[in-house]
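A.B. asks: Return a 3D structure for these sequence lines:
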Amino acid sequence: MQGVFITGTGTGVGKTAVAAGLAWALRRRKVDVGVMKPFATEETFFSKKYRSRDTAMLAKAAGASEPDHELNPFFYRAAASPLMASQIKNEPPVSIAKALAAFQNLAYKHDFLLVEGIGGIMVPLTEGQSVADFAKLAGLPVVIVSQPRLGMLNHTTLTIMACQKFSLDIKGIIVNMMPKKPNTVEQRTPEMIERLSGVPVLGVLPFSKGSNYMTIGKALEKAVDLDRLLSM
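C.D. replies: Down below sits the predicted model:
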């Protein structure tokens, strides 16, 4: 099947916004795109329809019709990794097998599937399994979302190394939230990431206050070769 697994250098880099923007952009190209957020954790429920704010955004961008429990099989009401959140709330831990079954069901329904991870690639799901383990079983190529701010060379390189350790197929990096007037470090970060890692930067997205999946989708249409992404 076709699709991508969206991961990031950590929490707060804009994975959900990029994934939702990508879903919207692909949908505009008449692609039958499905979305999934296998694991989510938040302090409170977002709405009656969707427990997670991230799942709600992805579903709206893709025009998803599937119920919340299919798009997001594991949700815990604690702002922590799924492993820690399940223990804090004394709830059953993540079942990789159940999450994978939900993934396969969605993959069967759609021509292209966008799966967004939680936090970074090494976020623990169980005592012995991380997001990387699920990504490996899903068998999708990985796109890493990064930022141009200080410290991202280190975070991005570590994310790439972790993906390589699990033999994940890294298709590229999207550098998100580039300031309108970047300083020298911010301006050179995408080029430096590409040069140091050997992993291509697929595109650089501008920072926009109050941006939503539509504005990000339009930015993706300009910055990323979507035909190449569809052929992954």
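A.B. asks: State the distance from the residue lying farthest from the centre of the chain to residue 114.
C.D. replies: No residue in the chain sits farther from the centre than residue 184, which is 27.6 Å out by Cα atoms, centre = their mean. According to Cβ to Cβ, to the nearest Å, residue 184 and residue 114 sit 34 Å apart. Placement of C-beta: from N, CA and C, glycine included.
A.B. asks: try residue 48
C.D. replies: Computed as Cβ to Cβ, the residue 48 to residue 114 distance reads 24 Å.
A.B. asks: So if I had to pick from these two, which one is more boxed in?
C.D. replies: Set side by side, residue 48 and residue 114 show more neighbours around residue 114, with 26 against 7, by other Cβ atoms under 10 Å.
A.B. asks: in terms of contact, does the more buried one touch residue 58 like I think?
C.D. replies: Yes. With contact defined as Cβ atoms under 8 Å, residue 114 counts as touching residue 58 (7.4 Å).
A.B. asks: So which residues of the protein form helices?
C.D. replies: In the chain, the helices defined using DSSP state H lie at 15-28, 53-62, 68-71, 82-88, 96-109, 131-138, 152-165, 184-197, 213-223, 226-230.
A.B. asks: May I see these organised as CSV, with mean pLDDT and distance to residue 121 added?
C.D. replies: Below are the helices of the chain laid out as CSV (pLDDT from 0 to 100; distance: least, Cβ to Cβ, whole Å):
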stretch, mean pLDDT, distance to residue 121
helix 15-28, 96, 11
helix 53-62, 98, 17
helix 68-71, 98, 21
helix 82-88, 98, 14
helix 96-109, 97, 15
helix 131-138, 98, 5
helix 152-165, 96, 5
helix 184-197, 94, 14
helix 213-223, 94, 21
helix 226-230, 81, 19
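A.B. asks: Please name whichever of those is nearest to residue 1.
C.D. replies: Across those, residue 1 has its closest neighbour in helix 96-109 (4.7 Å, Cβ to Cβ).
A.B. asks: got the buried residues for that closest one?
C.D. replies: 96, 99-100, 102-103, 106-107 (16 or more other Cβ atoms under 10 Å).
A.B. asks: and which of those residues is nearest to residue 166?
C.D. replies: Nearest member of these to residue 166, counting by Cβ to Cβ, is residue 96, at 13.5 Å.
A.B. asks: contacting residues around the closest one?
C.D. replies: Contacts for residue 96 (Cβ atoms under 8 Å, 6 or more residues apart in numbering) come out as 125-126, 129, 133-134, 137.
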